[in-house]
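Undergrad: based on what follows, work out the 3D shape:
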Amino acid sequence: MLNSGADTMTAGVLTGSLITHLECPNCGRHYSADVIRTVCEDASCLSSLFARYDFTNGLSIDILKGRTATMWRYKEVLPVIHEENVVTLGEGFTPILPLTKLKHLAGDNEVLWKDESGNPTGSFKARGIGAAVSKAKELGIDTIVTPTAGNAGGALAAYAARAGVKAVVYMPKLTPKVFKDECHLYGAQLVEVDGNISDCGRLANEQATANGWFQVSTLKEPYRLEGKKTMGYEIAEQLNWQLPDVILYPTGGGTGLIGLWKAFDEMQQLGWIGNHRPRMVAVQSESCNGIVQAFNGGELSSQFVDGGFTIANGLRVPKPYADKLILKVLRESNGTALSIPDAMMSEALKEIARNEGMLIAPEGAALWQAFKQLKAEQWIKPQEQVLLLNTGSGYKYLENIDV
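TA: Presented below is the predicted three-dimensional model:
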């Protein structure tokens, strides 16, 4: 059940979080961060909400020296106020790896992989869910629900178990069995749905409303974004506070894409980086490419597009809730969007495994194919540094892959 949350904040060691309020990036309306919030309450807006921080006194990069190599090393720019509410399994600070045997295909471009497969539960979802569950604990929430294409459900089940709260997960029946087993093993309540993630979202919303559960659907609450943005902080720190020229990102719900852009803005405000920004590339599955169609058509929002099954479960998001924000980032960054068919994802996955020793998720494999396509089209320019963000482990997708 939900409560106001204001009286659940316990005294103790403070994280030093600089959070001040929540803000609607669309209409500019402000909200308190001390009570439970979902999206903007203006019926004509309903945008995702962003956590905002007080950077007026700055923050020295030196604070990071000697800190544990997890995403919580950036605790001042994360929303949890009391240390005892941080729910962690060691997520974050994943490696950045250069190409080795496939380097010749990159030519004069330096290609790097940010590999999120080593996170708890095997994907980058650990970051966003870790932050959301931590803040939910701080706000006194005891039941959390989410629709999922797979990885977010497993992450919620794990972090809810760690936090001692109940997790309810709505998942398409076509999702590989490993994701379902994961939820059961962590003790979550799993509801299988005959449909896609949008169908799961409708049912999750109905039941959450009826039962008073808190939803952590993608970008329908403010805090998953905060966990995901730490990838941006890490990329900057790991590359000596210089950002790549291009970042390719597999785009389903788009939380990470938006989170990276938010992190870059925050770090510039802090004085940690300059004004250089990567060109952002959204990569989708051909079966579910509403963002690509909207971007190419000059639209401000996307249409519902669902061509059915894709081996990249996380890319089967027919209409992202934050589609307007995704498209805004692509255009602000002078980026682009393209879609990859399953056959090419599978081919790329095997090529990377056999040559680089990395068994990455199909969503990540789509990026390698997208890179080769953009390089051939000369959209990626000579000498540019390119970062591909692999979102998870390929081991969880073996049911989908013809080896």
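
Undergrad: hey, let's count contacts and neighbours off CA atoms from now on
TA: Noted.

Undergrad: what about residue 155, distance to residue 53?
TA: When distance is defined by C-alpha to C-alpha, to the nearest Å, residue 155 is 26 Å away from residue 53.

Undergrad: in terms of neighbours, single out the busier of the two.
TA: Using other C-alpha atoms under 10 Å as the criterion, residue 155 and residue 53 rank with residue 155 on top: 27 against 17.

Undergrad: for that one, helix, strand, or coil?
TA: Under the three-state scheme (DSSP: H, G, I helix; E, B strand; the rest coil), the conformation of residue 155 reads as helix.

Undergrad: what score does it have for pLDDT?
TA: At residue 155, the predicted lDDT confidence score is 96.

Undergrad: ok, residue 9 next?
TA: On the pLDDT scale, residue 9 is placed at 41.

Undergrad: my guess is residue 243 contacts residue 280, does it?
TA: No. Between residue 243 and residue 280 no contact is recorded; they are 11.6 Å apart, counting by C-alpha atoms under 8 Å.

Undergrad: contacts only, for residue 137.
TA: When contacts are counted by C-alpha atoms under 8 Å, 6 or more residues apart in numbering, residue 137 is found next to 85, 163, 165.

Undergrad: the first one and residue 141 touch, don't they?
TA: No. When contacts are counted by C-alpha under 8 Å, residue 85 is not listed as touching residue 141 (11.8 Å).

Undergrad: burial of residue 20, as a residue count?
TA: The local packing count at residue 20 equals 15, with neighbours defined by other C-alpha under 10 Å.

Undergrad: contacting residues around it?
TA: 32, 33, 51, 52, 53, 54.

Undergrad: likewise residue 171?
TA: By C-alpha under 8 Å, 6+ apart, the neighbours of residue 171 are 147, 148, 149, 150, 153, 190, 191, 192, 193, 197, 200.

Undergrad: not counting residues beside it along the chain, what's closest to the residue nearest the centre of the chain?
TA: Averaging the C-alpha coordinates of the chain gives a centre point, and the residue nearest to it by C-alpha atoms, centre = their mean is residue 256 (3.4 Å). Closest residue in space to residue 256, ignoring its immediate chain neighbours: residue 228 at 5.3 Å, by C-alpha to C-alpha, 6 or more residues apart in numbering.

Undergrad: likewise residue 195?
TA: Of all residues not flanking residue 195 in the chain, residue 172 sits nearest, at 5.6 Å (C-alpha to C-alpha, 6+ apart).

Undergrad: and the one you found, bridged to which residues?
TA: According to DSSP bridges, the partner residues bridging residue 172 are residue 193.

Undergrad: does it really touch residue 198, like I thought?
TA: No. With contact defined as C-alpha under 8 Å, residue 172 does not reach residue 198; the gap is 9.4 Å.
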